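[1] got a predicted structure here, sequence first:
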Amino acid sequence: MSETQSGTDLAITASCSAPQLGTCATSVRLAVPSGAALIVTSQAANISVSGVQGALDLHSGDGDVRVASASGPLQLSSANGDVTGTGLTSSQVQASSKNGTVDLNFTGVPKTVTGSSDNGNVIVGLPRGPTAPQGVGVGG
């Protein structure tokens with residue numbers, strides 16, 4: 001595993017350089033300020049972010065993407081995994097999975113939500129009450 005820092009950007013790279021018997025795995029846990037903006041890309045691992053209020057751009061090639069208690073703009077995707085958001089107050093969300101479910105649950109009313117899946121369900125849970133949207137449109 002290696003890390004490189006340039007200004008406020010931190011890049012962490014982990015890989016298995018030769019075929020291994022068994023499993024090659026890496027786990028990275030970062031604590032960041034709640035207002036941080038994050039760009040996280042993984043080729044073959046789950047991504048989980050909680051309590052970050054800045055913009056999140058999270059992409060996994062082969063794993064789930066999970067976000068909880070986020071309020072900034074969200075761009076979430078997985079090629080082979082589920083995309084899940086809980087306790088969201090984000091006003092703008094784009095979420096997609098080629099082979100998995102997209103499940104987004106909001107506690108605040110979003111302005112724009114785009115969800116898609118080639119091989120899975122798309123579920124959007126909106127809050128109830130006087131601030132809830134009056135109409136929901138689904139297009140394809």
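    In hand now; what should we look at? Residues are numbered from 1 along each chain as shown.

[2] where does this structure have low pLDDT?
    Along the chain, segments meeting pLDDT under 70 span 17-22, 129-140.

[3] can you give me the helices for it?
    Here the chain has no helices by DSSP state H.

[4] over to stretch 47-61 now: how far is its first residue from its last?
    End-to-end distance of stretch 47-61 (C-alpha to C-alpha, to the nearest Å): 10 Å.

[5] ugh, typo on my part, it should be stretch 96-114
    End-to-end for stretch 96-114, by C-alpha to C-alpha: 8 Å.

[6] please identify the buried residues of that stretch?
    For stretch 96-114, burial by neighbour count (16 or more other C-beta atoms under 10 Å) applies to 96, 97, 100, 101, 102, 103, 104, 106, 110, 113. All C-beta spots, glycine's among them, are computed from the backbone N, C-alpha and C.

[7] and if you look at stretch 26-42?
    Taking 16+ other C-beta under 10 Å as the criterion, stretch 26-42 shows 36, 38, 40, 42 as buried.

[8] list the contacts of the last one.
    Residue 42 makes contacts with 59, 60, 61, 62, 63, as judged by C-beta atoms under 8 Å, 6 or more residues apart in numbering.

[9] okay, and the beta partners of it?
    Assessed by DSSP bridges, residue 42 has beta-bridge partners residue 60.

[10] what about it, distance to residue 121?
    23 Å (C-beta to C-beta, to the nearest Å).

[11] the closest residue to residue 44 other than its chain neighbours: neighbour count?
    Spatial nearest neighbour of residue 44, excluding adjacent residues (C-beta to C-beta, 6 or more residues apart in numbering): residue 62 at 4.3 Å. By other C-beta atoms under 10 Å, 14 other residues sit near residue 62.

[12] OK, contacts around residue 62?
    42, 43, 44, 45, 79, 80, 81.

[13] much appreciated, bye for now.
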